[in-house]
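Visitor: Just to be clear, the model below is a prediction. Sequence and coordinates:
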Amino acid sequence: MPQLLIPTTETSVNITRPVIYGIIKDLFELTGIPADTMISFPGELESMQQPGSDMGTMAQQSGVNTMSFNNRVFIEVDEDYEMDRILSTATYRSENPHIFRDDRVEVGIRPIYSSTETTINFKFRAVDKTEATRWRDYIRTRVAMNWDQRIHNVAYHYLIPTEFLIILKEIHRLMENVDGYGVELDDYLKSGMTKRATIMTTQAGTEPVWAIAESQIRVVGYFDFELVPDKGSREDEADTWTIAFAYKFKYDKPIATTMKYPLMIHNQLLPQNYRPNPLTDATDPLENKEFEFTLSSYLFYQFEKDVENKRLRDEKLYKGFVIPSFDEFIPDGVPYGTEPVITVLTNIDNTNPHLLLSLKDLGRFKLAPEVLEFMVGEVPYMTTTGQSIFMVNIYRGATLLDLDTLTLDTDLNIYSTYILTLRKYYHIRLSVLNDLSILSAAAINRLRNRGKAAQIIFDFINPNLKLKNKLPKILANDYISRDSMKESMDAMETYNKYGVNGIMKTVETMLIQSNPISKLNKEG
């Protein structure tokens, strides 16, 4: 299931400035600065707003001319992400509430927040020193009343990326194309959007965009000075007096949005430009390239993620093939003790809605002839846990359905036992048991009678068996003895529990050595 992440645009205008404006209004009230004081808040280019468009309750808006010696507040803002919380920022995991959600087709959009430390650097220019001193004394009384900290409520909005809206438009088209609901696009978007969503346009009513309005409460701010601000000083030839101070607070800033959606909508595959492009051997820039290393750099190179993934794939420790290759399906759960062989995103044939797929026709993937021949005899048992080394399951969305929802025939065709709905998507998962302790005695005996197939299956489950010469030995008539089978099964259990070298697979090993108290006392 694809997941897209797109950074939030225009955060300065839509988020930062409204938040700062809300904090400043509270500080005016808290510190006694007159409400009609001009606020000078230059943007990123250090340029001021056009006359009449500054922030705050402007004097000129009330019809009063502003002079160079009037009260004025100059503001500079510094924003830094809180370093201690960067690695714990929720990105793809389901942490924050949806701003768009349609559970019918498993589509969802969530915001991503980052804890942001914000410092507002104030320069309050009073008309004269007397006014500045009066304001400073007012601050002193507030501090004495423990009002140097303040709880704020801030409001802002952010835009839903246009790319997400384009995808939603295509999803809606496919939904209405097959077994639709008869809902127009605008109504579909409104029904899935949060109640905080609204449509914004230009003043001419063009270029509509979806915006999410939000408020954050209990934002704690505090003055960055001890007891009172500095005395300040005169800055020009006039009588104006300037006092500087800083105010700090933290809030969760929406820095991006993420979208999750399925590849199959109402039994139709999304077009290619809406699907992820997996990295294959043909597109891998490191594939079939020759490298030269120093010894130390070679050892570090072995721990790089791309190299590790390739090694696991080559050693067949990373098992299972996915059809189609760009499918990023992750089920909510899998049957205990199973290892995936093939996972297929299937569609429903209207002429034969019960038929899902054939294990003999998997496109460019093919099972070994010995395995296919063995599987024919396993057909009655492959949908029952522990009755066959193979197991076939069906998923609706990411949910595993009951075993009795599938059946197979001797041509290895897989059928559903009831008519599937076109409004959902389904996966077929063929797996093998890697915990042979739950395998029935009858299933083991059938496996012993198919020696070549048993060797292929065991080698797939754990390649270490072949490396250690622990694969079951084949006798005449493709037969495996009871002792040889037991030896291989015991070895597989050992290698599954321990690593290749017989060491527990742990992230970290710690050894503790205890000493008698008397010895510790003697040695200090």
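Guide: Sure, I can see it. Numbering: from 1, shown residues only.
Visitor: When you work out contacts or count neighbours from here on, use the C-alpha atoms and nothing else.
Guide: Fine.
Visitor: residues touching Gln3, list them.
Guide: Residues near Gln3 by Cα atoms under 8 Å, 6 or more residues apart in numbering: Tyr92, Thr258, Met259, Lys260, Tyr261.
Visitor: Now for the residue lying closest to the last one once chain neighbours are set aside, how many residues are close by?
Guide: If I follow you right, that is Tyr261. In this structure, Tyr261 finds its nearest non-sequential neighbour in Val107, 4.5 Å apart by Cα to Cα, 6 or more residues apart in numbering. Neighbour count for Val107, taken as other Cα atoms under 10 Å: 18.
Visitor: now swap in Gly386 and tell me
Guide: Counted by other Cα under 10 Å, the residues lying close to Gly386 total 21.
Visitor: same question, Gln149
Guide: 16.
Visitor: Could you measure from it over to Asp80?
Guide: 20 Å (Cα to Cα, to the nearest Å).
Visitor: Please report phi then psi for the closest residue to Pro208 other than its chain neighbours.
Guide: Closest residue to Pro208 apart from its sequence neighbours, by Cα to Cα, 6+ apart: Thr201 at 4.4 Å. Note on Thr201: its backbone torsions stand at phi -130, psi 170 [degrees, to the nearest 10].
Visitor: show me the contacts for Thr201.
Guide: Contact analysis of Thr201 by Cα under 8 Å, 6+ apart lists Glu207, Pro208, Val209.
Visitor: top of those by neighbour count?
Guide: Busiest of those [other Cα under 10 Å] is Val209, holding 15 neighbours.
Visitor: what bridges to that residue?
Guide: Counting by DSSP bridges, Val209 is bridged to Met200.
Visitor: what about the residue nearest to Ile39 when sequence neighbours are not counted, which SS state?
Guide: Counting by Cα to Cα, 6+ apart, Val73 is the residue found nearest to Ile39 once chain neighbours are left out, at 4.9 Å. Here Val73 is recorded as strand under DSSP: H, G, I helix; E, B strand; the rest coil.
Visitor: what about Ile199, how many residues close to it?
Guide: By other Cα under 10 Å, 12 other residues sit near Ile199.
Visitor: surely it meets Ala213?
Guide: No: between Ile199 and Ala213 there is no contact under Cα atoms under 8 Å: 10.5 Å.
Visitor: picking up where we left off before, what separation do you get for the residue nearest to Tyr261 and Phe100?
Guide: Counting by Cα to Cα, the gap from Val107 to Phe100 is 8 Å.
Visitor: repeat for Ser115
Guide: Ser115 is 23 Å from Phe100, by Cα to Cα.
Visitor: what does Gln387 give?
Guide: 44 Å.
Visitor: how about the helices in the stretch 401-524 of the chain?
Guide: Assigned helices in the stretch 401-524 of the chain, in chain order: 441-448, 451-461, 464-467, 482-497, 517-522 (criterion: DSSP state H, counting those that start in this stretch).
Visitor: Deepest-packed of those, please.
Guide: Comparing these by mean neighbour count (mean count of other Cα atoms under 10 Å), helix 451-461 comes out on top with a mean of 22.
Visitor: Please report the distance of Asn121 from Val432.
Guide: For Asn121, the distance to Val432 - Cα to Cα - is 64 Å.
Visitor: neighbour count winner among the two?
Guide: Set side by side, Asn121 and Val432 show more neighbours around Val432, with 22 against 18, by other Cα under 10 Å.
Visitor: how near is that one to Gly320?
Guide: 10 Å.
Visitor: what residues are shared contacts of those two?
Guide: Glu339, Pro340, Val341.
Visitor: A strand includes the second one, no?
Guide: Yes: with the criterion set as three-state DSSP, the secondary structure at Pro340 is a strand.
Visitor: And for it, nearest residue in space, chain neighbours not counted?
Guide: Distances taken as Cα to Cα, 6+ apart put Ser431 closest to Pro340, at 4.2 Å, once the chain neighbours are dropped.
Visitor: Beta-bridge partners for the one you found, please?
Guide: Under the criterion used (DSSP bridges), Ser431 bridges to Pro340, Met391.
Visitor: contacting residues around it?
Guide: Thr338, Glu339, Pro340, Val341, Ile342, Phe390, Met391, Val392.
Visitor: distance of it from Gly386?
Guide: From Ser431 over to Gly386 (counting by Cα to Cα), the distance is 12 Å.
Visitor: just Tyr222 next, same as before
Guide: On the measure of Cα to Cα, Tyr222 and Gly386 end up 64 Å apart.
Visitor: same check, this time on Glu163
Guide: Taking Cα to Cα, one finds Glu163 at 47 Å from Gly386.
Visitor: give me the element Lys253 is part of.
Guide: strand 241-260 (DSSP states H and E).
Visitor: How about residues contacting the very next helix or strand once past that strand?
Guide: As assigned by DSSP H and E, the chain's next helix or strand after strand 241-260 is strand 264-265. Outside strand 264-265, the residues that touch it by Cα under 8 Å, 6+ apart are Val105, Ile171, Leu174, Met175, Leu270, Arg423, Lys424, Tyr425.
Visitor: phi, psi of the fifth one?
Guide: Note on Leu270: backbone dihedrals following degrees, to the nearest 10 are phi -60, psi 150.
Visitor: Could you find the closest non-adjacent residue to it?
Guide: In space, Leu270 is closest to Leu263, 5.5 Å off (Cα to Cα, 6+ apart).
Visitor: Who are the contact partners of the one you found?
Guide: Met1, Pro2, Leu269, Leu270, Arg275, Asp327.
Visitor: Only the buried subset of these, as a PyMOL command please.
Guide: Buried members of those, defined by 16 or more other Cα atoms under 10 Å, are picked up in PyMOL with:
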select buried, resi 1+269+270+275+327
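Visitor: With secondary structure, pLDDT and distance to Thr405 added, can I get the contacts of Leu263 in TSV?
Guide: Shown next, in TSV, are the contacts of Leu263 (DSSP: H, G, I helix; E, B strand; the rest coil; pLDDT from 0 to 100; distance: Cα to Cα, whole Å):
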residue	secondary structure	pLDDT	distance to Thr405
Met1	coil	77	23
Pro2	coil	81	27
Leu269	strand	90	23
Leu270	coil	90	26
Arg275	coil	83	29
Asp327	coil	85	23
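Visitor: follow-up on the earlier one: name the strands paired with the strand holding Lys253 and say parallel or antiparallel.
Guide: Partner strands and pairing direction for strand 241-260 (DSSP bridges) are strand 3-7 (antiparallel), strand 107-126 (antiparallel), strand 209-223 (antiparallel), strand 233-234 (antiparallel).
Visitor: right, and Val341 touches Ile323 too?
Guide: No: look at Val341 against Ile323 with Cα under 8 Å: they stay out of range, at 11.0 Å.
Visitor: so where's this structure uncertain?
Guide: Along the chain, segments meeting pLDDT under 70 span 43-70, 83-93, 142-148, 203-206, 225-239, 277-291, 301-319, 494-524.
Visitor: According to the record, where do the domains of it fall?
Guide: With automatic domain parsing as the criterion, the domains of the chain are listed as 3-158+214-260, 315-497.
Visitor: The strand holding Lys253: which residues count as buried?
Guide: Result for strand 241-260 [16+ other Cα under 10 Å]: buried residues 241-251, 253-260.
Visitor: before we move on, what about stretch 382-400?
Guide: Neighbour-count burial for stretch 382-400, with 16+ other Cα under 10 Å as criterion, is recorded at 382-383, 385-395, 397-398, 400.
Visitor: for stretch 35-43, same thing?
Guide: For stretch 35-43, burial by neighbour count (16+ other Cα under 10 Å) applies to Asp36, Thr37, Met38, Ile39, Ser40, Phe41.
Visitor: Give me the three-state assignment for the fourth one.
Guide: Using three-state DSSP, the three-state assignment for Ile39 comes out as strand.
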